[in-house]
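S.K.: Need the 3D shape of this:
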Amino acid sequence: MEWTPSTITTSWDDLLEDIDTVDAWKEKRTQIHARFLDLIRAWAAPAIPEPDLQVEREWHTGEFTIQFVSYQVESDERAHAYIGIPGGDPPANGRPAVVCLHGTTNWGARRTLGLPPEPGDPHENKGGVDGKDYARDLVRNGYVTISPEHFVSANRMPDIGPYETGPFYEKHTNWSAVGKYVHDSVIATNILCDRPDVDANRIGVTGHSLGGHGTIWLTAYDDRIRCAAPSCSAQSFRETPNPLHWSRDRWYIYFPQLREQFLAGETVQCDFHEMFALIAPRPILDRLALNDGDPRTQAHRTMMHLKIHEVYRLLDAEPAHAFLAFGDGHFIPDLSETALVSWMDRWLKHEGDPLGSWDSNLTPTS
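M.R.: Prediction:
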């Protein structure tokens, strides 16, 4: 008896509409990439300055070393980050390394390494829950990590409070907070790649909540990122009960230019299924909770990944795409943390490239 499966239609079917060859996908990917750069307003970003990296503090935990560093991100602005360094001598070709992006807690960068917030901070209990100390777990497993402070938190917190983007938009009227986030994350990646104990060909990124969003955006932007594992990251633009979340008129404003489009009910130029697809065929593990917010949006997210997987299938890279769905809410349960380390080990602890080499358009060439 012949079985004819039911047709599954989704909000994400436009991703591969009329695309059935690698060359056709490469052409469409070029178009998506241009729309992504315009979405984050990459054209408004200032030039990346010389880093002038300074180690402001260094201490040993008994298991590994932590450096608190500062560096230039704009000609008149310095950023801060915590670098985790495993014990022992690095291999001759350097260690794998991971950029670790935190969620919306004021001292979230510290928490990724298991450090407490700075004492007496009145803002620390505001914002989301960061979950586990994933940078510390990665350092314990042999990775160099960098945990940069978000540009509106901790040492760069605006006078009006953490995650207030008003002063940023007064300074950069044409940019976006997401573009700034990507810009600063690229520089944090540069800091890792320039280290003599790091293999610049084995760089990953992970993050939770806002850091999960940042993981997707950085990987879509910077092809030096060879492996990604976001946690509890973004809902889409088109399948969310509150699209204005992405273009608020206060606090953390991701994309101010989209507000008119949302109010008019228009489709945004580059949604998250396309951002994920820009990452292909590089390895990505998306970790999400089915009860993180409106369950209908998470149902759509699982369907979105079935469509993204078709891109990986087209590029002959199916093992490099995975998603893990659980029911623990906006958190990183042990299952998710274990999967993170396992995923990074699979793709970054190896000789050569498990998927073969990639050309400039990020399609397999072997």
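S.K.: phi, psi of W43?
M.R.: Backbone torsions of W43, given as degrees, to the nearest 10, read phi -70, psi -20.
S.K.: How about the contacts made by it?
M.R.: By C-beta atoms under 8 Å, 6 or more residues apart in numbering, the contact set of W43 is L37. Using the backbone N, CA and C atoms, a C-beta is placed for each residue, glycine as well.
S.K.: now swap in the one 10 residues further on and tell me
M.R.: Contacts were defined as C-beta under 8 Å, 6+ apart; by that measure L53 touches 69-71, 191, 194.
S.K.: do you know how far it is from C270?
M.R.: 33 Å (C-beta to C-beta, to the nearest Å).
S.K.: OK, contacts around C232?
M.R.: 131, 208-209, 212, 287-289, 292, 330-332.
S.K.: Quick test: name the residue nearest the centre of this structure.
M.R.: With distances taken as C-alpha atoms, centre = their mean, T215 lies nearest the centre of the chain, 0.5 Å away.
S.K.: Pretty sure that one sits in a helix.
M.R.: Yes - according to DSSP: H, G, I helix; E, B strand; the rest coil, the state of T215 is that of a helix.
S.K.: pLDDT value on the closest residue to it other than its chain neighbours, please?
M.R.: Among residues not flanking T215 along the chain, P230 sits closest, at 3.9 Å (C-beta to C-beta, 6 or more residues apart in numbering). Per-residue confidence at P230 stands at 98 (pLDDT).
S.K.: next one: the one 5 residues further on
M.R.: On the pLDDT scale, Q235 is placed at 81.
S.K.: That one reaches M304, doesn't it?
M.R.: No - using C-beta atoms under 8 Å, Q235 makes no contact with M304, being 10.3 Å away.
S.K.: Quickly list what's touching both of these two.
M.R.: F272.
S.K.: what's the distance between the helix ranked longest in the chain and the middle of its chain?
M.R.: Longest helix in the chain, counting residues (DSSP state H): helix 295-314. Distance of helix 295-314 from its chain centroid, counting by C-alpha atoms, centre = their mean, to the nearest Å, is 18 Å.
S.K.: Same check on stretch 87-98?
M.R.: 23 Å.
S.K.: check contacts around the residue nearest to the centre of the chain.
M.R.: Per C-beta under 8 Å, 6+ apart, neighbours of T215: 101, 205-207, 228-230, 233.
S.K.: From those, pick the one nearest I160.
M.R.: Nearest to I160, judged by C-beta to C-beta, of the contacts of T215 is L101 at 23.0 Å.
S.K.: The closest one: neighbouring residues, count only.
M.R.: Using other C-beta atoms under 10 Å, L101 is surrounded by 33 other residues.
S.K.: Equivalent analysis for L306, please.
M.R.: L306 has 12 nearby residues by other C-beta under 10 Å.
S.K.: rewinding a little: out of the contacts of L53, which sit inside helices?
M.R.: Using DSSP H, these in helices are I191.
S.K.: Can you list which of the contacts of L53 are found in strands?
M.R.: Within these, residues falling in strands by DSSP state E are 69-71.
S.K.: From the contacts of C232, list the buried ones, please.
M.R.: 131, 208-209, 212, 287-289, 292, 330-332 (16 or more other C-beta atoms under 10 Å).
S.K.: Show me the contact partners of the next helix or strand after the longest helix of the chain.
M.R.: Past helix 295-314, further along toward the C-terminus, the next helix or strand under DSSP states H and E is strand 321-326. With C-beta under 8 Å, 6+ apart as the test, strand 321-326 has contacts from 280, 283-290, 298, 302, 305, 308-309, 311-312, 333, 335-336, 339, 343.
S.K.: Tell me the pLDDT of the nearest residue to D286 once chain neighbours are set aside.
M.R.: Nearest residue to D286, sequence neighbours excluded (C-beta to C-beta, 6+ apart): F323, at 4.3 Å. pLDDT recorded at F323 is 97.
S.K.: And R296, by the same measure?
M.R.: 84.
S.K.: Count the neighbours of it for me.
M.R.: Neighbours of R296 using other C-beta under 10 Å come to 11.
S.K.: T267 too?
M.R.: Neighbours around T267, by other C-beta under 10 Å: 9.
S.K.: Tell me if I'm right that it and R238 touch.
M.R.: Yes - look at T267 against R238 with C-beta under 8 Å: they come within range, at 6.4 Å.
S.K.: Could you dump the contacts of L53 into TSV with neighbour count added?
M.R.: Shown next, in TSV, are the contacts of L53 (neighbours: other C-beta atoms under 10 Å):
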residue	neighbour count
V69	21
S70	17
Y71	20
I191	20
D194	11
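S.K.: just curious, which of the contacts of L53 is nearest to A97?
M.R.: Checking the contacts of L53 against A97 by C-beta to C-beta gives I191 as the nearest, at 9.7 Å.
S.K.: If anything else comes up later, I'll come back, but that's it for now.
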